[in-house]
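Q: just coords:
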(Lines give C-alpha, C1' and ligand atoms only; values in the text may rest on other atoms or scores of the structure.)
Protein backbone atom coordinates (compact mmCIF):
# COMPACT_ATOMS: atom_id res chain seq x y z
CA UNK A 1 0.00 0.00 0.00
CA UNK A 2 2.82 2.34 0.99
CA UNK A 3 4.74 1.76 -2.26
CA UNK A 4 1.56 2.25 -4.29
CA UNK A 5 1.02 5.64 -2.63
CA UNK A 6 4.65 6.62 -3.26
CA UNK A 7 4.36 5.63 -6.90
CA UNK A 8 1.18 7.68 -7.24
CA UNK A 9 2.84 10.70 -5.58
CA UNK A 10 5.94 10.57 -7.79
CA UNK A 11 3.75 10.04 -10.83
CA UNK A 12 1.79 13.23 -10.08
CA UNK A 13 4.95 15.23 -9.41
CA UNK A 14 7.13 14.07 -12.27
CA UNK A 15 4.68 13.13 -14.99
CA UNK A 16 4.51 16.63 -16.54
CA UNK A 17 8.30 16.63 -16.85
CA UNK A 18 8.37 13.20 -18.40
CA UNK A 19 5.68 14.04 -20.96
CA UNK A 20 6.61 17.70 -21.61
CA UNK A 21 7.60 18.30 -25.21
CA UNK A 22 10.84 20.14 -25.84
CA UNK A 23 11.36 22.89 -28.41
CA UNK A 24 14.49 24.58 -29.66
CA UNK A 25 15.59 27.88 -31.13
CA UNK A 26 18.07 27.16 -33.86
CA UNK A 27 20.39 29.29 -35.98
CA UNK A 28 22.86 28.93 -38.81
CA UNK A 29 26.20 27.64 -37.41
CA UNK A 30 27.97 30.96 -38.14
CA UNK A 31 25.53 33.01 -36.05
CA UNK A 32 27.10 34.38 -32.84
CA UNK A 33 25.54 33.29 -29.52
CA UNK A 34 22.35 35.22 -28.76
CA UNK A 35 20.44 35.69 -25.53
CA UNK A 36 16.65 35.60 -25.28
CA UNK A 37 16.27 39.38 -25.22
CA UNK A 38 18.27 39.63 -28.42
CA UNK A 39 16.16 36.90 -30.03
CA UNK A 40 13.01 38.79 -29.05
CA UNK A 41 14.43 41.97 -30.57
CA UNK A 42 15.36 40.08 -33.76
CA UNK A 43 11.83 38.70 -34.16
CA UNK A 44 10.38 42.19 -33.64
CA UNK A 45 12.87 43.50 -36.25
CA UNK A 46 14.42 45.88 -33.72
CA UNK A 47 17.76 44.17 -34.24
CA UNK A 48 18.62 43.38 -37.84
CA UNK A 49 22.39 42.80 -37.82
CA UNK A 50 24.93 41.44 -35.41
CA UNK A 51 28.70 41.21 -36.07
CA UNK A 52 27.78 42.46 -39.55
CA UNK A 53 25.67 39.37 -40.24
CA UNK A 54 22.16 40.18 -41.54
CA UNK A 55 19.68 38.33 -39.33
CA UNK A 56 16.76 36.48 -40.89
CA UNK A 57 14.11 35.45 -38.36
CA UNK A 58 11.65 32.82 -39.61
CA UNK A 59 8.15 31.92 -38.45
CA UNK A 60 5.77 29.06 -38.95
CA UNK A 61 2.22 29.88 -40.15
CA UNK A 62 0.12 32.19 -37.96
CA UNK A 63 -2.04 29.37 -36.59
CA UNK A 64 0.71 26.81 -36.02
CA UNK A 65 0.66 25.69 -32.33
CA UNK A 66 4.47 25.84 -32.11
CA UNK A 67 4.46 29.46 -33.32
CA UNK A 68 1.87 30.30 -30.67
CA UNK A 69 4.07 28.66 -28.01
CA UNK A 70 7.08 30.58 -29.26
CA UNK A 71 5.21 33.89 -29.17
CA UNK A 72 4.00 33.22 -25.66
CA UNK A 73 7.24 31.79 -24.16
CA UNK A 74 9.93 33.77 -25.98
CA UNK A 75 8.33 36.96 -27.28
CA UNK A 76 6.00 37.29 -24.26
CA UNK A 77 3.33 38.79 -26.49
CA UNK A 78 -0.23 37.80 -27.25
CA UNK A 79 -1.39 37.22 -30.82
CA UNK A 80 -3.50 40.41 -30.63
CA UNK A 81 -0.59 42.51 -29.40
CA UNK A 82 1.62 41.19 -32.18
CA UNK A 83 -1.04 42.03 -34.75
CA UNK A 84 -1.20 45.60 -33.50
CA UNK A 85 2.60 45.77 -33.41
CA UNK A 86 2.93 44.69 -37.07
CA UNK A 87 0.20 47.09 -38.20
CA UNK A 88 2.20 49.90 -36.61
CA UNK A 89 5.37 48.63 -38.24
CA UNK A 90 3.63 48.57 -41.64
CA UNK A 91 3.05 52.32 -41.21
CA UNK A 92 6.77 52.69 -40.41
CA UNK A 93 7.77 50.64 -43.46
CA UNK A 94 8.85 47.42 -41.74
CA UNK A 95 7.70 43.90 -42.60
CA UNK A 96 7.13 40.94 -40.25
CA UNK A 97 9.46 37.88 -40.40
CA UNK A 98 9.06 35.45 -43.27
CA UNK A 99 6.69 32.55 -42.66
CA UNK A 100 7.19 28.97 -43.80
CA UNK A 101 4.76 26.08 -43.83
CA UNK A 102 6.78 23.29 -42.19
CA UNK A 103 9.57 22.70 -39.72
CA UNK A 104 11.48 20.85 -42.45
CA UNK A 105 11.50 24.04 -44.56
CA UNK A 106 12.71 26.05 -41.55
CA UNK A 107 15.46 23.56 -40.82
CA UNK A 108 16.63 23.51 -44.41
CA UNK A 109 16.60 27.34 -44.65
CA UNK A 110 18.54 27.75 -41.39
CA UNK A 111 21.19 25.25 -42.50
CA UNK A 112 21.85 27.09 -45.75
CA UNK A 113 21.36 30.80 -45.01
CA UNK A 114 23.77 32.71 -42.79
CA UNK A 115 21.95 34.69 -40.09
CA UNK A 116 18.77 32.58 -40.29
CA UNK A 117 17.00 31.83 -36.99
CA UNK A 118 13.96 29.61 -36.37
CA UNK A 119 12.22 27.41 -33.82
CA UNK A 120 11.44 23.71 -34.20
CA UNK A 121 10.58 20.63 -32.13
CA UNK A 122 13.79 19.56 -30.36
CA UNK A 123 13.45 16.04 -31.80
CA UNK A 124 13.97 17.50 -35.31
CA UNK A 125 17.37 19.08 -34.57
CA UNK A 126 20.29 17.77 -36.58
CA UNK A 127 24.03 18.51 -36.77
CA UNK A 128 23.76 21.18 -39.45
CA UNK A 129 22.39 23.84 -37.10
CA UNK A 130 23.36 25.57 -33.89
CA UNK A 131 20.98 25.34 -30.91
CA UNK A 132 20.57 28.72 -29.21
CA UNK A 133 18.03 27.80 -26.58
CA UNK A 134 15.70 24.98 -25.52
CA UNK A 135 12.41 25.23 -23.70
CA UNK A 136 9.44 23.04 -22.88
CA UNK A 137 5.78 23.51 -21.92
CA UNK B 1 -4.20 64.65 -65.58
CA UNK B 2 -7.26 66.54 -64.27
CA UNK B 3 -7.58 66.57 -60.49
CA UNK B 4 -10.95 64.84 -60.46
CA UNK B 5 -9.60 61.95 -62.53
CA UNK B 6 -6.60 61.64 -60.24
CA UNK B 7 -8.81 61.58 -57.14
CA UNK B 8 -11.10 59.01 -58.74
CA UNK B 9 -8.14 56.77 -59.54
CA UNK B 10 -6.66 57.09 -56.05
CA UNK B 11 -10.04 56.24 -54.47
CA UNK B 12 -10.48 53.28 -56.81
CA UNK B 13 -7.03 51.93 -55.92
CA UNK B 14 -7.78 52.32 -52.22
CA UNK B 15 -11.13 50.55 -52.51
CA UNK B 16 -9.45 47.65 -54.33
CA UNK B 17 -7.00 47.30 -51.46
CA UNK B 18 -9.85 47.27 -48.94
CA UNK B 19 -11.93 44.61 -50.71
CA UNK B 20 -9.02 42.38 -51.68
CA UNK B 21 -8.97 40.54 -48.27
CA UNK B 22 -12.27 39.04 -49.42
CA UNK B 23 -10.17 37.09 -51.90
CA UNK B 24 -7.60 35.18 -49.83
CA UNK B 25 -5.77 33.92 -52.92
CA UNK B 26 -4.53 37.50 -53.41
CA UNK B 27 -2.20 36.93 -50.42
CA UNK B 28 -3.26 40.29 -49.01
CA UNK B 29 -3.99 40.88 -45.33
CA UNK B 30 -5.74 44.05 -44.24
CA UNK B 31 -3.33 46.35 -42.45
CA UNK B 32 -0.19 44.84 -43.93
CA UNK B 33 -0.07 46.35 -47.40
CA UNK B 34 0.30 44.66 -50.74
CA UNK B 35 3.54 43.50 -52.31
CA UNK B 36 4.05 44.56 -55.91
CA UNK B 37 4.70 41.28 -57.72
CA UNK B 38 7.83 39.73 -56.30
CA UNK B 39 9.58 43.08 -55.95
CA UNK B 40 10.64 44.27 -52.47
CA UNK B 41 8.08 47.07 -52.82
CA UNK B 42 4.86 47.41 -50.82
CA UNK B 43 1.85 49.70 -51.09
CA UNK B 44 -0.81 50.43 -48.53
CA UNK B 45 -2.61 53.38 -47.09
CA UNK B 46 -5.21 54.58 -44.65
CA UNK B 47 -8.21 56.82 -44.37
CA UNK B 48 -10.34 58.35 -41.65
CA UNK B 49 -13.64 60.15 -41.31
CA UNK B 50 -14.75 61.87 -38.14
CA UNK B 51 -17.52 63.82 -36.48
CA UNK B 52 -17.18 66.44 -33.74
CA UNK B 53 -19.93 67.93 -31.64
CA UNK B 54 -19.36 71.01 -29.49
CA UNK B 55 -21.93 73.15 -27.70
CA UNK B 56 -22.10 75.60 -30.57
CA UNK B 57 -20.84 73.66 -33.57
CA UNK B 58 -20.94 70.36 -35.44
CA UNK B 59 -18.28 69.21 -37.87
CA UNK B 60 -18.20 66.32 -40.36
CA UNK B 61 -14.88 65.59 -41.97
CA UNK B 62 -13.15 63.28 -44.42
CA UNK B 63 -9.79 63.88 -42.84
CA UNK B 64 -7.13 61.57 -44.23
CA UNK B 65 -6.91 59.70 -47.50
CA UNK B 66 -3.35 58.48 -47.76
CA UNK B 67 -1.27 56.20 -49.89
CA UNK B 68 1.93 54.57 -48.60
CA UNK B 69 4.70 52.93 -50.54
CA UNK B 70 7.90 51.55 -49.11
CA UNK B 71 10.51 48.93 -49.78
CA UNK B 72 14.16 48.20 -50.41
CA UNK B 73 16.70 45.86 -48.93
CA UNK B 74 18.77 45.55 -45.74
CA UNK B 75 21.00 48.44 -46.73
CA UNK B 76 18.84 50.90 -48.62
CA UNK B 77 15.10 51.50 -48.34
CA UNK B 78 12.56 54.23 -49.00
CA UNK B 79 9.22 55.51 -47.70
CA UNK B 80 6.67 57.62 -49.56
CA UNK B 81 3.42 58.82 -48.05
CA UNK B 82 1.03 61.00 -50.04
CA UNK B 83 -2.03 62.39 -48.36
CA UNK B 84 -5.19 64.39 -48.84
CA UNK B 85 -5.68 66.20 -45.54
CA UNK B 86 -9.09 67.62 -44.57
CA UNK B 87 -10.35 66.54 -47.96
CA UNK B 88 -13.92 67.54 -47.10
CA UNK B 89 -15.01 69.51 -44.03
CA UNK B 90 -18.58 70.54 -43.33
CA UNK B 91 -19.16 72.78 -40.32
CA UNK B 92 -22.55 73.76 -38.96
CA UNK B 93 -23.29 76.31 -36.30
CA UNK B 94 -26.45 78.13 -35.24
CA UNK B 95 -26.23 80.56 -38.16
CA UNK B 96 -24.59 78.81 -41.07
CA UNK B 97 -23.26 75.69 -42.77
CA UNK B 98 -19.90 75.94 -44.46
CA UNK B 99 -18.02 73.46 -46.60
CA UNK B 100 -14.25 73.49 -47.15
CA UNK B 101 -12.26 71.23 -49.43
CA UNK B 102 -8.50 70.82 -49.56
CA UNK B 103 -7.66 68.89 -52.70
CA UNK B 104 -3.91 69.44 -52.53
CA UNK B 105 -2.04 66.16 -52.44
CA UNK B 106 0.58 66.61 -49.69
CA UNK B 107 3.85 64.79 -49.33
CA UNK B 108 3.65 63.69 -45.71
CA UNK B 109 6.80 61.57 -45.74
CA UNK B 110 9.45 61.00 -48.37
CA UNK B 111 12.79 59.61 -47.30
CA UNK B 112 15.63 57.22 -47.98
CA UNK B 113 17.17 55.08 -45.25
CA UNK B 114 20.77 53.94 -45.47
CA UNK B 115 21.85 51.33 -42.90
CA UNK B 116 25.52 52.13 -42.57
CA UNK B 117 26.23 49.19 -40.26
CA UNK B 118 24.54 47.35 -37.39
CA UNK B 119 24.57 50.47 -35.21
CA UNK B 120 24.12 53.46 -37.51
CA UNK B 121 21.30 54.43 -39.85
CA UNK B 122 21.10 57.61 -41.91
CA UNK B 123 17.69 58.91 -43.02
CA UNK B 124 17.46 61.70 -45.59
CA UNK B 125 14.26 63.43 -46.72
CA UNK B 126 11.02 64.41 -45.00
CA UNK B 127 10.21 62.31 -41.93
CA UNK B 128 8.24 62.34 -38.68
CA UNK B 129 10.47 64.06 -36.13
CA UNK B 130 11.51 61.22 -33.78
CA UNK B 131 10.29 63.03 -30.67
CA UNK B 132 8.09 61.34 -28.08
CA UNK B 133 5.91 58.34 -28.94
CA UNK B 134 2.71 59.92 -30.23
CA UNK B 135 4.36 61.78 -33.08
CA UNK B 136 5.70 58.57 -34.62
CA UNK B 137 2.29 56.88 -34.65
CA UNK B 138 -0.04 59.84 -35.04
CA UNK B 139 -2.45 58.62 -37.76
CA UNK B 140 -6.02 58.08 -36.62
CA UNK B 141 -6.21 54.31 -37.02
CA UNK B 142 -3.03 53.64 -35.03
CA UNK B 143 -3.57 56.04 -32.15
CA UNK B 144 -5.90 55.26 -29.28
CA UNK B 145 -8.25 58.23 -29.59
CA UNK B 146 -9.73 60.33 -32.38
CA UNK B 147 -8.13 63.44 -30.89
CA UNK B 148 -4.41 64.08 -30.52
CA UNK B 149 -2.98 65.33 -27.21
CA UNK B 150 -2.19 69.04 -27.30
CA UNK B 151 1.40 68.26 -26.28
CA UNK B 152 1.89 66.36 -29.54
CA UNK B 153 1.40 69.43 -31.73
CA UNK B 154 2.33 72.64 -29.90
CA UNK B 155 5.86 71.95 -28.65
CA UNK B 156 8.01 70.83 -31.59
CA UNK B 157 7.82 70.46 -35.40
CA UNK B 158 5.98 67.24 -36.23
CA UNK B 159 7.93 66.85 -39.49
CA UNK B 160 11.52 67.57 -40.42
CA UNK B 161 13.08 67.78 -43.88
CA UNK B 162 16.76 66.98 -43.70
CA UNK B 163 18.81 64.24 -42.11
CA UNK B 164 18.30 61.94 -39.14
CA UNK B 165 21.27 59.94 -37.90
CA UNK B 166 20.35 57.12 -35.53
CA UNK B 167 22.70 55.10 -33.37
CA UNK B 168 21.24 52.00 -31.72
CA UNK B 169 22.69 49.24 -29.62
CA UNK B 170 21.11 46.18 -28.10
CA UNK B 171 22.26 43.60 -25.63
CA UNK B 172 19.99 43.09 -22.66
CA UNK B 173 18.42 46.51 -23.07
CA UNK B 174 18.02 48.79 -26.07
CA UNK B 175 19.60 52.22 -26.34
CA UNK B 176 19.03 54.59 -29.20
CA UNK B 177 20.29 58.09 -29.91
CA UNK B 178 18.85 60.35 -32.61
CA UNK B 179 20.32 63.41 -34.22
CA UNK B 180 17.90 65.56 -36.25
CA UNK B 181 19.06 68.24 -38.68
CA UNK B 182 17.20 70.52 -41.07
CA UNK B 183 18.85 73.47 -42.78
CA UNK B 184 16.76 74.97 -45.53
CA UNK B 185 13.32 74.82 -47.01
CA UNK B 186 11.05 71.93 -46.08
CA UNK B 187 9.19 69.62 -48.44
CA UNK B 188 5.52 70.71 -48.31
CA UNK B 189 6.05 73.18 -45.46
CA UNK B 190 2.30 73.87 -45.44
CA UNK B 191 1.79 70.38 -44.11
CA UNK B 192 3.47 70.86 -40.76
CA UNK B 193 2.44 72.38 -37.47
CA UNK B 194 5.33 74.90 -37.75
CA UNK B 195 6.53 76.55 -40.96
CA UNK B 196 10.28 76.44 -40.34
CA UNK B 197 13.59 76.33 -42.17
CA UNK B 198 15.95 75.10 -39.45
CA UNK B 199 15.77 72.32 -36.95
CA UNK B 200 18.43 70.68 -34.79
CA UNK B 201 17.52 68.15 -32.15
CA UNK B 202 18.79 65.19 -30.15
CA UNK B 203 17.00 62.35 -28.47
CA UNK B 204 17.91 59.35 -26.32
CA UNK B 205 15.67 56.30 -25.94
CA UNK B 206 16.00 53.47 -23.45
CA UNK B 207 13.95 50.29 -23.83
CA UNK B 208 13.65 47.12 -21.77
CA UNK B 209 10.97 44.68 -22.98
CA UNK B 210 7.68 46.35 -21.97
CA UNK B 211 9.10 49.67 -20.76
CA UNK B 212 10.47 52.47 -22.93
CA UNK B 213 11.43 56.02 -22.06
CA UNK B 214 12.72 58.85 -24.16
CA UNK B 215 14.14 62.31 -23.70
CA UNK B 216 14.37 64.81 -26.56
CA UNK B 217 15.37 68.41 -26.98
CA UNK B 218 16.15 70.82 -29.75
CA UNK B 219 15.75 74.11 -31.51
CA UNK B 220 13.98 75.24 -34.67
CA UNK B 221 13.64 78.52 -36.56
CA UNK B 222 10.31 79.67 -37.94
CA UNK B 223 10.31 81.02 -41.52
CA UNK B 224 10.75 84.69 -42.39
CA UNK B 225 6.97 85.14 -42.41
CA UNK B 226 7.12 84.45 -38.67
CA UNK B 227 10.10 86.77 -38.08
CA UNK B 228 12.73 84.00 -38.12
CA UNK B 229 11.89 83.31 -34.53
CA UNK B 230 14.14 80.78 -32.73
CA UNK B 231 12.32 78.30 -30.53
CA UNK B 232 13.72 75.72 -28.09
CA UNK B 233 11.84 72.66 -26.82
CA UNK B 234 12.33 69.70 -24.50
CA UNK B 235 10.17 66.62 -24.02
CA UNK B 236 10.28 63.54 -21.79
CA UNK B 237 8.15 60.49 -22.56
CA UNK B 238 7.59 57.07 -21.03
CA UNK B 239 5.53 54.05 -21.99
CA UNK B 240 4.72 50.76 -20.28
CA UNK B 241 2.93 48.16 -22.37
CA UNK B 242 1.51 44.71 -21.59
CA UNK B 243 -0.95 42.43 -23.41
CA UNK B 244 -3.91 44.07 -21.68
CA UNK B 245 -2.98 47.68 -21.01
CA UNK B 246 -0.73 50.53 -22.13
CA UNK B 247 0.32 53.46 -19.95
CA UNK B 248 1.89 56.38 -21.76
CA UNK B 249 2.94 59.86 -20.77
CA UNK B 250 4.65 62.85 -22.40
CA UNK B 251 5.56 66.15 -20.83
CA UNK B 252 7.37 69.06 -22.43
CA UNK B 253 8.13 72.74 -22.46
CA UNK B 254 9.03 75.41 -25.03
CA UNK B 255 11.00 78.67 -24.88
CA UNK B 256 11.82 81.49 -27.28
CA UNK B 257 14.64 83.81 -26.20
CA UNK B 258 13.96 84.85 -22.62
CA UNK B 259 10.26 84.10 -22.94
CA UNK B 260 8.70 80.78 -21.93
CA UNK B 261 6.21 80.29 -24.74
CA UNK B 262 4.77 77.00 -23.44
CA UNK B 263 5.69 76.48 -19.76
CA UNK B 264 4.19 72.98 -19.80
CA UNK B 265 2.14 70.68 -21.99
CA UNK B 266 1.61 67.06 -21.16
CA UNK B 267 -0.67 64.09 -20.86
CA UNK B 268 -0.99 60.77 -19.07
CA UNK B 269 -2.98 58.10 -20.90
CA UNK B 270 -4.10 54.62 -19.99
CA UNK B 271 -5.64 52.20 -22.48
CA UNK B 272 -7.14 48.95 -21.23
CA UNK B 273 -8.22 46.08 -23.52
CA UNK B 274 -11.54 44.92 -22.09
CA UNK B 275 -11.50 42.13 -24.69
CA UNK B 276 -9.47 41.73 -27.88
CA UNK B 277 -11.79 44.12 -29.72
CA UNK B 278 -12.96 46.55 -27.06
CA UNK B 279 -10.62 49.12 -25.57
CA UNK B 280 -11.31 51.71 -22.90
CA UNK B 281 -9.13 54.83 -22.75
CA UNK B 282 -8.70 57.58 -20.21
CA UNK B 283 -6.37 60.54 -20.70
CA UNK B 284 -5.55 63.53 -18.51
CA UNK B 285 -4.11 66.57 -20.24
CA UNK B 286 -2.87 69.96 -19.12
CA UNK B 287 -1.09 72.78 -20.91
CA UNK B 288 -0.32 76.48 -20.76
CA UNK B 289 0.40 78.38 -23.99
CA UNK B 290 1.67 81.90 -23.27
CA UNK B 291 1.82 82.87 -26.97
CA UNK B 292 -1.94 82.41 -27.26
CA UNK B 293 -2.53 83.25 -23.60
CA UNK B 294 -4.41 80.00 -23.25
CA UNK B 295 -4.44 77.18 -20.72
CA UNK B 296 -6.58 74.17 -20.07
CA UNK B 297 -6.85 70.98 -18.08
CA UNK B 298 -9.12 68.24 -19.31
CA UNK B 299 -10.07 64.58 -19.22
CA UNK B 300 -10.69 62.41 -22.26
CA UNK B 301 -12.79 59.30 -21.86
CA UNK B 302 -12.81 57.06 -24.90
CA UNK B 303 -13.99 53.74 -26.19
CA UNK B 304 -12.59 52.03 -29.28
CA UNK B 305 -13.98 49.03 -31.09
CA UNK B 306 -11.63 47.18 -33.42
CA UNK B 307 -13.44 44.38 -35.29
CA UNK B 308 -10.03 43.77 -36.86
CA UNK B 309 -6.96 45.62 -35.62
CA UNK B 310 -6.58 47.76 -38.78
CA UNK B 311 -10.19 48.98 -38.50
CA UNK B 312 -11.08 51.34 -35.66
CA UNK B 313 -14.43 52.79 -34.62
CA UNK B 314 -13.78 55.32 -31.89
CA UNK B 315 -15.80 57.55 -29.65
CA UNK B 316 -14.65 59.94 -26.96
CA UNK B 317 -15.88 62.70 -24.74
CA UNK B 318 -13.72 65.52 -23.41
CA UNK B 319 -14.43 67.51 -20.24
CA UNK B 320 -12.49 70.79 -20.25
CA UNK B 321 -11.92 73.43 -17.63
CA UNK B 322 -11.81 75.96 -20.49
CA UNK B 323 -15.10 77.63 -21.34
CA UNK B 324 -17.01 75.82 -24.12
CA UNK B 325 -14.23 73.28 -24.54
CA UNK B 326 -16.29 70.14 -23.97
CA UNK B 327 -16.75 68.01 -27.05
CA UNK B 328 -17.81 64.64 -28.35
CA UNK B 329 -15.89 62.90 -31.16
CA UNK B 330 -16.57 59.89 -33.35
CA UNK B 331 -14.38 58.43 -36.06
CA UNK B 332 -13.97 55.50 -38.41
CA UNK B 333 -10.51 54.72 -39.72
CA UNK B 334 -8.90 51.92 -41.70
CA UNK B 335 -5.30 50.92 -42.42
CA UNK B 336 -4.77 48.82 -45.52
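A: Structure's in. What do you need? The model shown is predicted, which means the values in this text are computed figures rather than measured ones.
Q: neighbours of residue B:46, just the number please.
A: 25 (other C-beta atoms under 10 Å in any protein chain shown). Yep, even glycine has a C-beta here, placed from its N, CA and C like the rest.
Q: so it makes contact with residue B:138?
A: No. Using C-beta atoms under 8 Å, residue B:46 makes no contact with residue B:138, being 11.5 Å away.
Q: Residue B:103: how many residues sit nearby?
A: Residues lying near residue B:103 (other C-beta under 10 Å) number 11.
Q: Hmm, I typed the wrong one, I wanted residue A:100.
A: Neighbours of residue A:100 (other C-beta under 10 Å): 18.
Q: Quickly note the distance from the residue lying closest to it once chain neighbours are set aside to chain B.
A: Nearest in space to residue A:100, with sequence neighbours left out and distances taken as C-beta to C-beta, 6 or more residues apart in numbering or on different chains, is residue A:106 at 5.4 Å. Residue A:106 sits 20 Å away from chain B, going by C-beta to the nearest C-beta, to the nearest Å.
Q: pretty sure residue A:106 is in a helix, no?
A: Yes. Assignment of residue A:106 by DSSP: H, G, I helix; E, B strand; the rest coil places it within a helix.
Q: ok, the most centrally placed residue in chain A - contacts?
A: Residue closest to the average C-alpha location in chain A (C-alpha atoms, centre = their mean): residue A:119, at 3.5 Å. The contact partners of residue A:119, taken as C-beta atoms under 8 Å, 6 or more residues apart in numbering or on different chains, are A:23, A:24, A:25, A:26, A:60, A:66, A:67, A:70, A:74, A:106.
Q: Close to chain A: what parts of chain B are there?
A: Within reach of chain A by C-beta under 8 Å from any C-beta of the partner chain, chain B has these residues: B:31-33, B:42, B:44, B:46, B:68, B:70-71, B:74, B:77, B:79, B:115, B:117-118, B:136-137, B:139, B:142, B:170-174, B:209, B:241, B:243, B:273, B:276, B:309-310, B:335.
Q: rerun that using 7 Å as the cut-off
A: Where chain B comes near chain A, counting by C-beta under 7 Å from any C-beta of the partner chain, the residues are B:31-33, B:44, B:70, B:74, B:77, B:79, B:117-118, B:137, B:139, B:142, B:170, B:172, B:174, B:209, B:243, B:276, B:309-310, B:335.
Q: Only the buried subset of the residues you listed, as a PyMOL command please.
A: Buried residues within the residues of chain B next to chain A, by 16 or more other C-beta atoms under 10 Å in any protein chain shown, are selected in PyMOL with:
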select buried, chain B and resi 31+32+33+44+70+77+79+118+137+139+142+170+174+209+243+309+310+335
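Q: The nearest residue to residue B:82 once chain neighbours are set aside and residue B:113, how far apart?
A: The shortest distance from residue B:82 to any non-neighbouring residue, by C-beta to C-beta, 6+ apart, is to residue B:67 (5.0 Å). Note on residue B:67: its distance to residue B:113, by C-beta to C-beta, to the nearest Å, is 19 Å.
Q: Show me which residues of chain A sit near chain B.
A: A:35, A:37-38, A:41, A:46-50, A:52, A:54, A:76-78, A:80-81, A:83-84, A:86-88, A:90-91, A:93.
Q: In helices only, show me those residues.
A: Using DSSP state H, A:37, A:38, A:41, A:80, A:81, A:83, A:84, A:86, A:87, A:88, A:90, A:91 are the members of those that sit in helices.
Q: and the residue nearest to residue A:100, how many neighbours does it have?
A: 25.
Q: Now the longest strand along chain B: buried residues?
A: The longest strand of chain B (DSSP state E) is strand B:76-93. Residues B:77, B:78, B:79, B:80, B:81, B:82, B:83, B:84, B:85, B:87, B:88, B:89 are the ones in strand B:76-93 that count as buried (16+ other C-beta under 10 Å).
Q: Over to stretch B:219-226?
A: Residues B:220, B:221, B:222, B:223 are the ones in stretch B:219-226 that count as buried (16+ other C-beta under 10 Å).
Q: Could you give the number of residues near the closest residue to the third one other than its chain neighbours?
A: The spatial neighbour of residue B:222 that comes closest, neighbours along the chain excluded (C-beta to C-beta, 6+ apart), is residue B:229 at 4.6 Å. Residue B:229 is flanked by 16 other residues according to other C-beta under 10 Å.
Q: got it, and residue B:173?
A: 13.
Q: got TSV for the buried residues of strand B:76-93, with pLDDT too?
A: Shown next, in TSV, are the buried residues of strand B:76-93 (pLDDT from 0 to 100):
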residue	pLDDT
B:77	97
B:78	97
B:79	97
B:80	97
B:81	96
B:82	96
B:83	94
B:84	94
B:85	90
B:87	94
B:88	95
B:89	96
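Q: Can you show me the strands along the stretch 1-150 of chain B?
A: B:34-35, B:41-54, B:57-72, B:76-93, B:97-100, B:105-115, B:120-128 (DSSP state E, counting those that start in this stretch).
Q: Check the stretch 151-300 of chain B too.
A: Counting by DSSP E, counting those that start in this stretch, the stretch 151-300 of chain B has strands at residues B:159-170, B:174-183, B:196-208, B:211-222, B:230-241, B:245-256, B:259-273, B:278-289, B:294-305.
Q: And for chain A?
A: Here chain A has its strands, by DSSP E, at A:22-27, A:49-50, A:53-54, A:56-60, A:98-100, A:116-121, A:130-136.
Q: The ones you listed into CSV, with extra columns for distance to residue B:37 and mean pLDDT?
A: As requested, these are arranged in CSV below (distance: least, C-beta to C-beta, whole Å; pLDDT from 0 to 100):
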stretch, distance to residue B:37, mean pLDDT
strand A:22-27, 31, 95
strand A:49-50, 27, 90
strand A:53-54, 23, 91
strand A:56-60, 21, 97
strand A:98-100, 17, 94
strand A:116-121, 24, 96
strand A:130-136, 35, 94
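Q: Nearest to residue B:148 among these would be which one?
A: Minimum separation from residue B:148 across these (C-beta to C-beta) falls at strand A:56-60, 33.4 Å.
Q: which other helices and strands contact the closest one?
A: helix A:65-70, strand A:98-100, strand A:116-121 (3 or more C-beta pairs under 7 Å, 6 or more residues apart in numbering or on different chains; DSSP states H and E).
Q: Quick one: distance of it to the chain centre.
A: Relative to its chain's centre, strand A:56-60 lies at 9 Å (C-alpha atoms, centre = their mean, to the nearest Å).
Q: how much space is there between the residue nearest to the centre of chain A and residue B:251?
A: Counting by C-beta to C-beta, the gap from residue A:119 to residue B:251 is 41 Å.
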